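# any chance you could fold what I've pasted below:
(chains A and B)
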Amino acid sequence: MILDNGAEVIIGFEVHVELKTATKLFCPCPTAFGAAPNTSICPVCLGHPGVLPALNQGAVHLAVRAALALGCRINLLSRFDRKNYFYADLPKGYQISQFDHPLAERGAVALPGTSRQVRIRRIHIEEEAGKLNHEGENLWTAQSSLVDFNRAGIPLIEIVSEPDMRSPEDGRLYLHSLIRTLAYLDVSDLRMEEGSLRCDANISLKPADFEGDLEDIPRVELKNLNSIRSVVRGLEYEIERQAALLDAGRPVMRETRGFDDASGTTLSQRSKEAANDYRYFPEPDLPPLMLEAAWVDGVRDALPMLPDAWAARMAEYGVRAQDAEVLVSDPALVRFTDAVHAQGAPFPEAVSWILGDVARLQNAHHLPYGEGPLTAPRLARLLALVQDGRLSGRMAKEVLEAMYDNDQDPDVIVETRGLRQVSDVQALTAIVERVIAENAKVAEDFRTGKEKALAYLVGQVMKATRGQAEPAVANRLLRERLTGGGSQ
Amino acid sequence: MSGLLDLTLTEAVRATRSGSVSTSELVSAYLSRIGRFNGPYHILLEVLEESATQRAHELDALSASERDRLPLYGVPVAVKDNLVMDRGSTTAGSRILEGYRAPYNATVVERLERAGAIVLGKTNLDEFAMGSSTEHSAYGPTLNPWDPTRVPGGSSGGSAAAVAGRLSLAALGSDTGGSIRQPAAYCGVVGLLPTYGRVSRYGLIAFASSLDQVGPITRTVDDAAVLLRVMAGFDPRDQTSLREPPPDVSDEASVRGLRLGILSSYPEGVDPVVRATLDHMTRALADAGARLVSVDLPDPTRALAAYYVIAPAEASSNLSRYDGVRYGKRKEAEGLYALYDETRAAGFGPEVKNRIMLGTFALSAGYYDAYYGRATAVRKAIADGYDRIFERVDAIVCPTTPDRPFPLGERLSDPWRMYLSDLYTVSLNLAGLPGLSVPVGLQEGLPTAVQVVGPRLSEPLLFRIGRAIERAAAPMPAPDLKEGGAA
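Coordinates of the predicted model:
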């Protein structure tokens, strides 16, 4: 995105993702969201005197899965460091993080619908702080503040991108693609509104005549972005704000700004943040994290198929690009579609049913794909019945709905309801002739050019067969009889 | 009664198991000694009389076969007050933790108690183990049992004085730069710094995590070996603890054929009595069949300099958690930051504040490489230097301290001289090596000691050389404690 004044927009992200482990990163406290305040705590996550961290290997596993899925190189030796700062939500006065030797580096995320990708600089493991609830604006001005340490020590990964995005739309695509990929791994709840995924955006404007290192351009770190929409709005506001400063010949300050959802503007938070010197040093309580190459290979081999690969596969089978895009945005959906395909249903038909009636019914019943009465084998069987011409589309819909009500196989429903599409020409011919005879006037109307009259006759055939006639066949037979053509 | 108090750990376990002495009798003998002398000498910060008495009764009720499964059956121990326990309070010698009741037991305490030991109380220490005299305790200094006008050393001064003064049969200390070995030397008892990682640090209130290690303080080398065997071993709650089986206990005491490193030179300021005692002892070891080899230790003054960067750096971080909000003593004030400031200003003593400031500075942006970075490089060079020495010798016999117990107050205004008493001890913490301080008798009424240093995990060898030293040395008498203390 090049602005009117020739400046180029430069955007990078730091995304924090809470990992979905059963217990915290360094102690055995459960991580469940929504527990009563300060009930999921112990001496370790409260930072009592004498405690030591014991690394949760499950968190390492999830972090490695995520890093591999984002195309990163895993460092077989990484280290933990202490990031020292003083804040009321940080029990030890330091956060255990990874600084010089992160878990993973050099990955990439493709921007959907473009041929570009955003490089991932690094991914590291760290611990979550507690949660403050202020009776007032912030820690310094509040009447009082309460702290809940349930969250303290929950494992996080921080995913740091390179400044490869050039517009708020790039930012949106990046986050969309990142979240979509992580969703396939089941490593996190990924809920921005609950804070299990948080992102900070770095944004700067590179003047047209600037040459040199992007790092040297003063950038603004944007915080308090609680939805992808906030990200886009915050970035748009910042671009305008910074551009106005540049146009007025005034400098952009390097600072942290918070996005205010209500006003859609950003406000400086700099004073307390910029002065921090984190005094990183190696965490003496944890040995270096050493991973075996074979173990990492095993994690890589066990990765599920990821959205980009799914989309390519769908395309191969003739699924339209925009349908594929919808399917891969939900791993349960794409896995269900694939399971239906694996049971013998052609992809395009399966997709059209799944994105139509199936989606409607699953949503109406509040069921995730693959759960509830509609199993992949049942849907595949239903599609096969249509494919064979044994059920009309309308009948198939009826059977589909009945499956949700009765939790039965399609064949059972077809059988009990006596549903069977009549496409047998001989059987239908007799009925067609009878309908023409019984509706001589309407038949005459058609012969004299009233095209609409045919629809009425088809309706009568359907009625006579209790809906089991294949409408196309009935239509063809009626036309033949009435116009005197035909194969007799 | 004095006969009971003179039993070594091994003798006491034998006596209590056989039933010739009940654990209650043993415990009450120690408790009454504490009652008489703890006031004047200020050795224990808290006496756990009730729980100790109750535990002794429970142990007395055990059957013979149950007793035989407890290697420390009925052994009274004192625990340095920077090891947390779920009874009583744990202060680390600091006002900021005054009245702090820990919600759990340190792993070492748990292991000792599971083995049948009985904790008599918590011993005095320099605040957060920062000091070499116990004078930096917020609760007042401990007096040396041999001379109440002198310091017992530190920071485990209370533990060493307790064992020397017969206020406990054995004790736990912690050693970050000499804090077990130096007071053991000053009090005439045995003190072991185990190999880094040998003993779990879980529940040890951290001073400098990469240097801290918990170790035993006892009257004999054998007693230290028995305690270490119980204390040592991997602890899943301390991931820096080593996956090594605890060392076996033996009675091997021969130094025949061992290559022992002795120092080729001493810096100025080493007490001539310390030198003479050491020379005498190394000659005795040579007479017993050891081969003496001259070695140069990695530069002790550089080690001291590196130590005084790394230890405060880690301490500055470890002590950030004391803010008066979640636990410990709070100083009420207007507003959160005022509460933090005033709690820390009132809660920490001057030596602790010095080190927090030193360490914060050393880690600051722009200074990190010049201080912490260089100190880390020196640390590595020291470890490499020891590796090279141990290619030529099996162990080193050197002074524990360059000096002997100094008068109370003498060095409070001269921190560098205070720090110098750790000249021969700090480098082992930097290199993660074990060191054993063994008393070699009284000179001019004050104890002197020698230190045996070996490669990583060489504790059994150190005990073997330590036994040889014990046999060659004059036996240590018991100090004559005065009820009036220093008065």
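# distance-wise, check the residue positioned nearest the centre of chain A relative to A:A312.
Centroid-nearest residue in chain A: A:R180, 3.7 Å away (criterion: Cα atoms, centre = their mean). To A:A312, A:R180 is 15 Å away according to Cβ to Cβ, to the nearest Å. C-beta: built from backbone N, CA, C; applies to glycine.
# where's B:V397, which helix or strand?
strand B:395-399 (DSSP states H and E).
# quick one: list the elements packing against the helix or strand following that strand.
Sequence-wise, the next helix or strand downstream of strand B:395-399 (DSSP H and E) is helix B:415-420. Here helix B:415-420 touches helix B:300-318, going by 3 or more Cβ pairs under 8 Å, 6 or more residues apart in numbering or on different chains; DSSP states H and E.
# which SSE is immediately downstream of the helix it packs on?
helix B:336-347.
# let me see the mean pLDDT of that following helix.
In this model, helix B:336-347 carries a mean pLDDT of 93.
# quick one: buried residues of stretch A:115-123?
The neighbour-count check on stretch A:115-123 (16 or more other Cβ atoms under 10 Å in any protein chain shown) flags A:V118, A:I120, A:R121, A:R122, A:I123 as buried.
# wait, is the third one part of a helix?
No. Read with DSSP: H, G, I helix; E, B strand; the rest coil, A:R121 is strand and lies in no helix.
# contacting residues around the nearest residue to it once chain neighbours are set aside?
Of all residues not flanking A:R121 in the chain, A:V160 sits nearest, at 4.7 Å (Cβ to Cβ, 6 or more residues apart in numbering or on different chains). For A:V160, the contacting residues are A:G12, A:F13, A:E14, A:I120, A:R121, A:R122, A:I123, by Cβ atoms under 8 Å, 6 or more residues apart in numbering or on different chains.
# gap between the strand holding B:V397 and the chain center?
Mean C-alpha position of strand B:395-399 versus that of the full chain (Cα atoms, centre = their mean, to the nearest Å) differs by 18 Å.
# same question, stretch A:431-442
56 Å.
# mind checking how far stretch B:316-331 is from the chain centre?
For stretch B:316-331, the distance to the chain centre is 25 Å (Cα atoms, centre = their mean).
# same question, stretch B:200-220
Worked out by Cα atoms, centre = their mean, stretch B:200-220 lies 7 Å from the chain centre.
# now the end-to-end length of it.
23 Å (Cα to Cα, to the nearest Å).
# and what of stretch A:90-105?
Stretch A:90-105 stretches 27 Å from its first residue to its last (Cα to Cα).
# buried ones in stretch B:443-458?
Buried, per 16+ other Cβ under 10 Å, within stretch B:443-458: B:446-458.
# in JSON lines: those, plus secondary structure, pLDDT and distance to B:D271.
Output for the buried residues of stretch B:443-458, formatted as JSON lines (DSSP: H, G, I helix; E, B strand; the rest coil; pLDDT from 0 to 100; distance: Cβ to Cβ, whole Å):
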{"residue": "B:L446", "secondary structure": "strand", "pLDDT": "96", "distance to B:D271": "10"}
{"residue": "B:P447", "secondary structure": "strand", "pLDDT": "97", "distance to B:D271": "12"}
{"residue": "B:T448", "secondary structure": "strand", "pLDDT": "95", "distance to B:D271": "8"}
{"residue": "B:A449", "secondary structure": "strand", "pLDDT": "97", "distance to B:D271": "12"}
{"residue": "B:V450", "secondary structure": "strand", "pLDDT": "97", "distance to B:D271": "13"}
{"residue": "B:Q451", "secondary structure": "strand", "pLDDT": "98", "distance to B:D271": "14"}
{"residue": "B:V452", "secondary structure": "strand", "pLDDT": "98", "distance to B:D271": "19"}
{"residue": "B:V453", "secondary structure": "strand", "pLDDT": "98", "distance to B:D271": "19"}
{"residue": "B:G454", "secondary structure": "coil", "pLDDT": "98", "distance to B:D271": "24"}
{"residue": "B:P455", "secondary structure": "coil", "pLDDT": "98", "distance to B:D271": "28"}
{"residue": "B:R456", "secondary structure": "coil", "pLDDT": "98", "distance to B:D271": "30"}
{"residue": "B:L457", "secondary structure": "coil", "pLDDT": "97", "distance to B:D271": "32"}
{"residue": "B:S458", "secondary structure": "coil", "pLDDT": "97", "distance to B:D271": "27"}
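# save those residues as TSV, and put in distance to chain A too.
Below are the buried residues of stretch B:443-458 laid out as TSV (distance: Cβ to the nearest Cβ, whole Å):
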residue	distance to chain A
B:L446	34
B:P447	31
B:T448	34
B:A449	29
B:V450	30
B:Q451	25
B:V452	26
B:V453	22
B:G454	23
B:P455	20
B:R456	15
B:L457	17
B:S458	21
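# nearest to B:R219 among those?
Each of the buried residues of stretch B:443-458 was scored against B:R219 by Cβ to Cβ, and B:P447 proved nearest at 12.1 Å.
# of all residues in the stretch 51-200 of chain A, which one is closest to chain B?
A:G93 (2.4 Å; Cβ to the nearest Cβ).
# state the distance from the spatially closest residue to that residue that is not a sequence neighbour to B:A377.
Residue nearest to A:G93 in three dimensions, not counting chain neighbours: B:S320, with 2.4 Å by Cβ to Cβ, 6+ apart. Distance of B:S320 to B:A377, given as Cβ to Cβ: 26 Å.
# tell me which of the two has more neighbours.
B:S320 (21 against 12; other Cβ atoms under 10 Å in any protein chain shown).
# so who does that one touch?
A:N84, A:F86, A:K92, A:G93, A:Y94 are the contacts of B:S320 under Cβ under 8 Å, 6+ apart.
# of those, which pair is most distant in space?
The most widely separated members of those, counting by Cβ to Cβ, are A:F86 and A:K92 (10.4 Å).
# domains for chain A, by residue range?
For chain A, automatic domain parsing gives the domain ranges A:8-295, A:305-417, A:425-483.
# actually chain B, not the one I wrote
B:2-258+B:394-472, B:300-376.
# and residue 464, how many neighbours?
Picked chain A for this. Count around A:A464 with other Cβ under 10 Å applied: 19.
# if you could check chain B rather than the one you did, that'd help
23.
# only the buried residues of the helix or strand harbouring it, if you could.
B:R464 is part of helix B:459-472 when elements are defined by DSSP H and E. Neighbour-count burial for helix B:459-472 flags B:E459, B:L461, B:L462, B:F463, B:R464, B:I465, B:G466, B:R467, B:A468, B:I469, B:E470, B:A472 (criterion: 16+ other Cβ under 10 Å).
# let me see the contact set for the residue nearest to the second one when sequence neighbours are not counted.
So the one you mean is B:L461. For B:L461, ignoring the flanking residues on the chain, the nearest one in space by Cβ to Cβ, 6+ apart is B:G454 at 5.3 Å. Contacts for B:G454 were tallied using Cβ under 8 Å, 6+ apart; they are B:F390, B:D394, B:A395, B:I396, B:L433, B:P434, B:G435, B:L461, B:L462.
# let's see if you can find the most crowded of those.
Most surrounded of the contacts of B:G454: other Cβ under 10 Å gives B:G435, at 30 neighbours.
# quick check, that one in contact with B:P455.
No. Under the criterion of Cβ atoms under 8 Å, B:G435 makes no contact with B:P455, lying 11.3 Å away.
# returning to what we had before: with respect to B:G158, which of the domains of chain A lies nearest?
For B:G158, the closest of the domains of chain A is domain A:8-295, at 17.7 Å, according to Cβ to Cβ.
# so for that closest one, mean pLDDT?
92.
# ends of that domain, what's the gap?
End-to-end distance (Cα to Cα), domain A:8-295: 43 Å.
# please state the offset of stretch A:179-199 from the chain centre?
Centroid separation for stretch A:179-199 versus its chain: 8 Å, with Cα atoms, centre = their mean.
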